[in-house]
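[1] Sequence and predicted structure are below.
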Amino acid sequence: MASNSVPAQSRPAASVQPPSEFKTEYHPRSGCPTLFQAFDEFRVPPEAQQVPIDEKPWHPFRSRADFEFSEIALDAALNKSQIDALLNLILRVSQGHAEITLKNEADLSKAWDNAAAELTPVFPVTYKKNDQVYEVHARPIWDWALDLLDNPLLAPHFVWDACRVYKRSAAGFERFFDEPWTGDRWWDIQSSLPPDVDGAVPFCFILYADKTKLSSHGTVKGYPVVVRCANLPVHIRNGEGFGGGRVVGWLPIVPEDAGEEGKLGYTTLKRVVWHESFLKLLEHAAQYSKTGYLRKCHNDILRWLFPVILILSADYEEQCMMSLIRGRGGKCPCPVCLVPLTELHDLSKTYPLRSVEEAKEALHTYGLSKAQGEVLLKALGLRPVENIFWIILNSNPHDALSLDRLHSLHAGLWKHFLGELKKILASLGREAEAAFEELITNFPRWRNLNHFKSVINISFTDGNKFQDLSKQTLYAGLNILTPRASPEGYQLLRVISSYLQLDSWIGLDVHTESTLAEIEAELLVFDTELKAYVTCAETSAIEDLKLDWDFPKTHLWKHIVRDIRRKGAARNYSTRPNEKLHGPLKDTYHRRTNGKDVATQILRVDHHQFASKLLRERISALDEHHRIQMLGDNPPDEDIPIVFNGHVKLGSPTQHPSLIIDIEKRNASDRAFQAFRRKLSEFINTALPTYGHQLTSWLTFPADFQIYEHRYLKVNYESTVDWKQVTDHLRCNPQFYGSPRFDHALIQLTAEATAFVRLVFLFRCRIPNIGPMEFALVQPYTARISGPRRMDRPLKLTRVKALPRACSIFVPLSSFIRGAVLVPDSEHQDEYIVVDHIDSDMFLRMKA
């Protein structure tokens, strides 16, 4: 999966047609031949069919300005008085081109109701059980699917046929897995559809459900159900547009009853209410999963669509509800396989997978004899309830459930490791705790990475923060939790190191047979390290170290390789995109409801927001159509698609240029700037010819030669994970928000060698007879260390050493590959550890 980091423009032109990079084998029923494609042809979006342009896509709003005002008011969650005041102000002062026809909040609300009328709403349904009435708010998922299918902007993006995709490697074509349709489950489902039906394809749903606290004190809760379409690409499916997630249900919550809690009848009631309430969402889908639904799709192709629940995205508690297992209290607590409770910690063993037929047989026995049936159900760890997902063909709930990194790893296993870490640090005393906190506080800054000033006495529940903290803890503990100072702490670091390896491998957005083999091998390493930690903890004098690791989250990633093979990359079944929807629901509760009948009010606003997305996408399409019409036959360069070749861009320039002599004087105390003018002259004269610039004489720079300093660098590069463009944002600033920040980077030092460097000075200048050029003064790091430290190999660390500041070198900005994060080793001067877990691309580069 690694890619050549040398910019494409520096490669020699090929004299023969290069071999195809990608191979795609389509499902036999698709009728499509095997496809071989070059790099710049693979997954290029199909040329959009000319869709009739609606010149008034804002309808039923009376003008575009009406819709845009309404959209702003909706996003801002303005209340009635704010809306009326704003409209009155606009009516008094507006003399521009926009026309606003709304007069009051009632007009606005009515307009949104009219706009939402073309979409199927979520409606309340009552369900009665044991003389208790439960209200379910449901919108059948098939009705939502028809709304998606009716959208001409989404039509070209649907993928219907399963396929097996390959990328060329040194050994030939290697299969890879990313989108759901590249997995084996989609292929198997399409193979099982009625053979006598031409054009039979699956319409694959991803379903998520989870309770959430709406009020700040947690006394008011909601139970939203979110649906996504697996037939759409991930950037649409997990995006925030019309093709993204949609709240289609609001499940009832059975009231807590302290007197009944724990009793079989009460526990069973909760599951019966959940599954029979879910029936309201699945009714139409269940019918068409058996008969199919004839639909004219993009390019007027007729297909028979068969609804399938491909993926169930949920945390463990919700997985227990969906699969109807008894949870950790049952004999077999895994929703996927029949591992015994006492073997959850042992990843070296494999157990039979659960089957729907086995569950149905046990439930049938329970219907004939509760005593005999209960014995069978207990052995399987199942509840005596019929699973609602059985009514949809090809929708085995145990096969649809998958590992969720957010809850199983970041807010799951890692929380336990963090708890152990705190106990061990406490046993070492306040000095060790303070040293650890200082190292965490001083961890290098990086874009989109949470930073922490305190860890020991702070608790939080945000899984994203747990993930970011896990990336920093290993490096902070290196010189504190040594084998001599703390055998328990050192062994815990080994467990954490293996955990980080697994999390990084699993988190890749594209997997190959090679990466899956790495996961399987590392799972055994983790199993060994965790067992060693338990052995160490058993003989430790530290109190309350965890000895029992027989809980589901220790075991669940046992199935991740199978999940990836069958359903694609882990992001396909992540709960992260779905949990993001909780925020707007909570905001609506606080700002738009009166605290009574909150589900109805929240879902009405959510329905309006969904309609807003539909109108916004139509208006955006109209704007793009008009823009292209105005360009005529001469589109600008940015409208011409080009093959990615990587580039850099300077930013944050200082106000005025500096004289080269002043730069030397201003930085006289920094040896990196020693002989700045001479070193730049030598570099220009020796390096420029290698970049194709012919010099007729030796260039020298006068004292008044002007240098334009910059303090920001944007680096675009091709990801080694999914071959898409990624951007790093690097700082070279002595005062970035009050503190100096000089980031690290990985550069192409020579044609064969790469090196880590630290930014010292970014600048551009005009070279006589050549023109403007951009350079960086950097401090290089070498991988040549007298010998690896004792802990480096078992903890899988990459160590580099900074050359003296006086050894700084100039490099062209075009040599930058990407940014990097390096952590100083506090015990060894000038030595740094590469943070290879900072993102997936760096992880793969360091493996290569």
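    That came through fine.

[2] What is the neighbour count of residue 541?
    By the measure other Cβ atoms under 10 Å, the count of residues near residue 541 is 7. Any C-beta I mention is one placed from the backbone N, CA and C, and that applies to glycine too.

[3] Wait, a strand at it?
    No: assigned with DSSP: H, G, I helix; E, B strand; the rest coil, residue 541 falls outside any strand and is coil.

[4] Verify the stated contact: residue 672 with residue 780.
    No: Residue 672 is not in contact with residue 780 according to Cβ atoms under 8 Å; the separation is 10.8 Å.

[5] Need the residues touching each of those two.
    residue 808 (Cβ atoms under 8 Å, 6 or more residues apart in numbering).

[6] could I get the helix or strand hosting residue 843 in PDB with only the CA atoms?
    Assessed by DSSP states H and E, residue 843 sits inside helix 840-847. Only the C-alpha atoms of helix 840-847 are listed here, as PDB (Å, rounded to 0.1, in the frame of the first residue of the first chain):
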ATOM      1  CA  SER A 840      -2.600   5.800   9.400                       C
ATOM      2  CA  ASP A 841      -0.300   7.100   6.700                       C
ATOM      3  CA  MET A 842       2.600   7.600   9.100                       C
ATOM      4  CA  PHE A 843       1.900   4.200  10.600                       C
ATOM      5  CA  LEU A 844       2.300   2.500   7.200                       C
ATOM      6  CA  ARG A 845       5.300   4.600   6.200                       C
ATOM      7  CA  MET A 846       7.100   3.500   9.400                       C
ATOM      8  CA  LYS A 847       6.200  -0.100   8.700                       C
END
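
[7] That helix packs against which elements?
    If contacts are counted by 3 or more Cβ pairs under 8 Å, 6 or more residues apart in numbering; DSSP states H and E, helix 840-847 sits against helix 487-506, strand 816-820.

[8] neighbouring contacts of that helix?
    The contact list for helix 840-847 (Cβ under 8 Å, 6+ apart) reads 1-2, 504-505, 507-509, 717, 719-721, 726, 746, 798, 818, 820-821, 834-837.

[9] pLDDT on stretch 226-236, on average?
    Averaging pLDDT along stretch 226-236 yields 97.

[10] Then stretch 152-159?
    What stretch 152-159 shows for mean pLDDT is 93.

[11] now stretch 350-357
    So the average pLDDT for stretch 350-357 ends up being 96.

[12] Pull out the buried residues from it.
    Neighbour-count burial for stretch 350-357, counted by 16 or more other Cβ atoms under 10 Å, picks out residue 354.

[13] C-alpha coordinates for it, PDB please?
    Extracted in PDB, the C-alpha atoms of stretch 350-357 (Å, rounded to 0.1, in the frame of the first residue of the first chain):
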ATOM      1  CA  THR A 350     -11.600 -19.800  18.400                       C
ATOM      2  CA  TYR A 351     -15.200 -20.900  19.000                       C
ATOM      3  CA  PRO A 352     -18.200 -21.600  16.700                       C
ATOM      4  CA  LEU A 353     -20.100 -18.700  15.300                       C
ATOM      5  CA  ARG A 354     -23.700 -18.100  16.300                       C
ATOM      6  CA  SER A 355     -26.400 -19.100  13.800                       C
ATOM      7  CA  VAL A 356     -30.000 -18.000  13.400                       C
ATOM      8  CA  GLU A 357     -31.100 -21.700  12.900                       C
END
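
[14] List of residues touching that stretch?
    Under Cβ under 8 Å, 6+ apart, the answer for stretch 350-357 is 323, 334-340, 343, 380, 387, 390, 396-398, 558.

[15] Please name the residues that touch residue 667.
    673, 676.

[16] What is the neighbour count of residue 147?
    For residue 147, the count of nearby residues is 18 (other Cβ under 10 Å).

[17] so which strand or helix has it?
    Going by DSSP H and E, residue 147 is part of helix 141-149.

[18] Can you list the neighbours in contact with the helix or strand just after that helix?
    Moving toward the C-terminus from helix 141-149, the next helix or strand (DSSP H and E) is strand 163-169. Residues from elsewhere that reach strand 163-169 (Cβ under 8 Å, 6+ apart): 1, 19-27, 30, 173-176, 178, 181-182, 187, 512.

[19] if we can go back for a sec, so which of the contacts of helix 840-847 sit within strands?
    Judged by DSSP state E, these include 717, 726, 746, 818, 820, 834 as members of strands.

[20] was I right about residue 282 contacting residue 143?
    No: the criterion here is Cβ under 8 Å, and residue 282 misses it with residue 143 at 11.5 Å.

[21] In terms of neighbours, single out the busier of those two.
    Remark: of residue 282 and residue 143, residue 282 carries more neighbours, 25 against 17, as counted by other Cβ under 10 Å.

[22] For residue 712, give me phi and psi.
    Main-chain dihedrals, residue 712, degrees, to the nearest 10: phi -150, psi 140.

[23] I'd like the distance between it and residue 726.
    Per Cβ to Cβ, to the nearest Å, residue 712 is found 17 Å from residue 726.

[24] Flag every buried residue along stretch 214-234.
    214, 222-234.

[25] how much distance is there from it to the middle of the chain?
    17 Å (Cα atoms, centre = their mean, to the nearest Å).

[26] and what of stretch 422-434?
    Taking Cα atoms, centre = their mean, one finds the center of stretch 422-434 at 34 Å from the center of the full chain.

[27] Need the contact partners of it.
    436, 455-456, 480-481, 485-486, 488-489, 492, 541-545.

[28] Show me which of the residues you listed is closest to residue 521.
    Of all the contacts of stretch 422-434, residue 521 sits closest to residue 492, with 21.3 Å by Cβ to Cβ.

[29] List the contacts of that closest one.
    417, 420, 421, 424, 481, 533.

[30] And for residue 379?
    Neighbouring residues of residue 379 by Cβ under 8 Å, 6+ apart: 331, 332.

[31] Now name the helix or strand holding it.
    Secondary structure from DSSP H and E places residue 379 in helix 370-380.

[32] What's the mean pLDDT across that helix?
    So the average pLDDT for helix 370-380 ends up being 95.

[33] buried set for that helix?
    Judged by neighbour count (16+ other Cβ under 10 Å), helix 370-380 contains these buried residues: 373, 376, 377, 380.

[34] can you give me how far that helix is from the chain middle?
    41 Å.

[35] which is the next helix or strand following that helix?
    helix 397-400.

[36] Beyond that next one, next helix or strand please.
    helix 405.

[37] contact partners of that next one?
    Under Cβ under 8 Å, 6+ apart, the answer for helix 405 is 503, 506, 507, 570, 574.

[38] In helices only, show me the buried residues of stretch 214-234.
    Those of these mapping onto helices are residue 234, per DSSP state H.

[39] In strands only, show me the buried residues of stretch 214-234.
    Those of those mapping onto strands are 222, 224, 225, 226, 227, 228, 229, per DSSP E.
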